[in-house]
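S.K.: mind folding the following:
(one chain, ligands or ions: 2)
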Amino acid sequence: MENNKEFRQWLDAMKLSHPLVIAGPCSAETEEQVMATARELQKTDTNVFRAGIWKPRTRPGQFEGVGEIGLKWLQQVKEETGMMVTTEVGNADHVEKALKHGIDILWIGARTTVNPFVVQEIADALKGVDIPVLVKNPVNPDLALWLGAVERIQTAGITQLGVIHRGFSSYNSGHYRNKPKWSLPIELKKEFPDLPIILDPSHICGRRDTLLDVSQTGLDLNFDGFMIETHIDPDNAWSDAAQQITPARLDEITKELRIRKKSSTAEEFQRKLTMHRHELDLLDANLIEMLADRMGIANQIGAIKRKENVAILQGDRWSEILNSMVETGVKSGLTKEFVETIFKAIHVESINIQQKKD
Ligand code: PEP
Ligand code: MN
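M.R.: Ligands and ions are numbered 1, 2, ... in the order given. Predicted coordinates for the structure are as follows:
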């Protein structure tokens, strides 16, 4: 995929005075819930109203969306409030129905982006259509798969493109519902500076209290906008209740976000510095997280070894790891001494952990 200035046209055409704000409920539930949420959002900085009509739920038996009737409610939001409207499409039939109802922007969900067959089906259904399409990252942290989906849509003739970063699922997500792994969107931004990137802090956080912090990071990293799940009565939402916020809270969040303008050279310098410091902070946080994961596994190995009465120190395996890490490190531009220092420290800690009694 080539970097392409056309990507940005739809966003530039809106002449926004602040990053794009896409807000609205996880799911359209009833006409009243959709309209009441939209009327409150109209009083905020929201530019685009979102609502899921077809919901890809992880397990069956949960609310799976109201279906086509919800598109009529979105049309009503558009007519009454003047906000643009967007919904998730997961197959060719969804695309056809959304287009028929005048939906302004389509998005492809994380569970769809992982499947090239389905993305291709959507791309084929979009041939000859001129509408902005936003592609969420796949649930797994695979930049090529994410870009591959964008490329399929671009090949179908869609030029108004964007991506949405909604975090990556992992067996052990810890603090986040979906880990942000910021290095991936940073990498994507470096390669495709003209591809608009929107942050979805709702699915990253999975909870309300951390939304502001994660959104501020997105802003510091120059994301072009936000998609934030907003519901008139979040506690009683039919899906993703824990992460949805009221329109009033959305308004507070968008006002609290500190926008760093790029005007003077001094400010530009400051902005670059902040961005790089953020990159370092995020990488450092990733390093800690990875070290903690590694030690967690060392702990499990320790338990197995103790059970089988196997020696904790396996000299051959350790030399193998060290040699291979030095080789990989040197290839990546690190010195042999540095890699050895780091891995010796890791090894000592692993042994200590493995020696701990149950
Ligand atoms: C959503 O936006 O409601 C949604 C289903 O998101 P994701 O595809 O990121 O899980
Ligand atoms: Mn949701």
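S.K.: burial count for the closest residue to ligand 1 within the stretch 101-250 of the chain?
M.R.: The minimum distance from the stretch 101-250 of the chain to ligand 1, using Cβ to the nearest ligand atom, falls at residue 109 (3.1 Å). From N, CA and C alone the C-beta is placed, and that goes for glycine too. Applying other Cβ atoms under 10 Å, we find 21 residues neighbouring residue 109.
S.K.: residue ranges in the chain under the pLDDT threshold?
M.R.: For the chain, the stretches flagged by pLDDT under 70 are 173, 260-264, 357-358.
S.K.: closest to the centroid, which residue in it?
M.R.: Centroid-nearest residue in the chain, with Cα atoms, centre = their mean: residue 166, separated by 1.9 Å.
S.K.: which of the three states applies to residue 134?
M.R.: strand (DSSP: H, G, I helix; E, B strand; the rest coil).
S.K.: how many residues are close by it?
M.R.: 26.
S.K.: show me the beta-bridge partners of it.
M.R.: residue 107, residue 162 (DSSP bridges).
S.K.: tally of neighbours for residue 250?
M.R.: 24.
S.K.: now it. Nearest residue, chain neighbours left out?
M.R.: residue 230 (4.9 Å; Cβ to Cβ, 6 or more residues apart in numbering).
S.K.: how much space separates the one you found from residue 206?
M.R.: Noted for residue 230: a distance of 15 Å to residue 206, by Cβ to Cβ, to the nearest Å.
S.K.: quick one, which of these two is more surrounded?
M.R.: With neighbours defined as other Cβ under 10 Å, residue 230 and residue 206 compare such that residue 230 has more, 31 against 18.
S.K.: my read: the more buried one touches residue 21, true?
M.R.: No. Here residue 230 does not reach residue 21: they are 9.7 Å apart, not a contact under Cβ atoms under 8 Å.
S.K.: now do the shared contacts for these two.
M.R.: 46, 250 (Cβ atoms under 8 Å, 6 or more residues apart in numbering).
S.K.: burial measure for residue 104, as a count.
M.R.: Residue 104 is flanked by 17 other residues according to other Cβ under 10 Å.
S.K.: nearest residue to it in space, please, no chain neighbours.
M.R.: Per Cβ to Cβ, 6+ apart, closest to residue 104 is residue 84, 4.1 Å.
S.K.: equivalent analysis for residue 63, please.
M.R.: That would be residue 238: by Cβ to Cβ, 6+ apart, it lies 4.5 Å from residue 63.
S.K.: pretty sure that neighbour sits against residue 27.
M.R.: Yes. With contact defined as Cβ under 8 Å, residue 238 reaches residue 27; the gap is 5.7 Å.
S.K.: which residues do those two both contact?
M.R.: residue 63.
S.K.: what about these two, which has more around it?
M.R.: Comparing residue 238 with residue 27 by other Cβ under 10 Å, the one with more neighbours is residue 27, at 26 against 19.
S.K.: distance of the more buried one from residue 87?
M.R.: For residue 27 relative to residue 87 (Cβ to Cβ), the value is 10 Å.
S.K.: and what of residue 335?
M.R.: 52 Å.
S.K.: the two: who's more crowded?
M.R.: residue 87 (25 against 11).
S.K.: distance of that one from ligand 2?
M.R.: 12 Å (Cβ to the ion, to the nearest Å).
S.K.: tell me which residues touch that residue, please.
M.R.: Remark: with contacts taken as Cβ under 8 Å, 6+ apart, residue 87 is in contact with 50, 51, 52, 53, 70, 71, 74, 98, 103, 106, 107.
S.K.: pull the number of nearby residues for residue 300.
M.R.: Residue 300 has 11 neighbouring residues, counting by other Cβ under 10 Å.
S.K.: so it is in which element?
M.R.: Element membership of residue 300, judged by DSSP states H and E, is helix 265-308.
S.K.: for residue 164, same thing?
M.R.: Assigned by DSSP H and E, residue 164 falls in strand 161-165.
S.K.: mind giving me the packing neighbours of that strand?
M.R.: strand 133-136, helix 143-155, helix 183-191, strand 197-199 (3 or more Cβ pairs under 8 Å, 6 or more residues apart in numbering; DSSP states H and E).
S.K.: now it, how far from the chain's geometric center?
M.R.: Distance of strand 161-165 from the chain centroid (Cα atoms, centre = their mean, to the nearest Å) equals 9 Å.
S.K.: what's in contact with it?
M.R.: Contacts for strand 161-165 (Cβ under 8 Å, 6+ apart): 7, 10-11, 107, 132-137, 146, 150, 153-154, 180, 184-185, 188, 195-200, 204, 218, 223-224, 227.
S.K.: how much space separates residue 222 from ligand 2?
M.R.: 25 Å.
S.K.: now residue 195
M.R.: For residue 195, the distance to ligand 2 - Cβ to the ion - is 23 Å.
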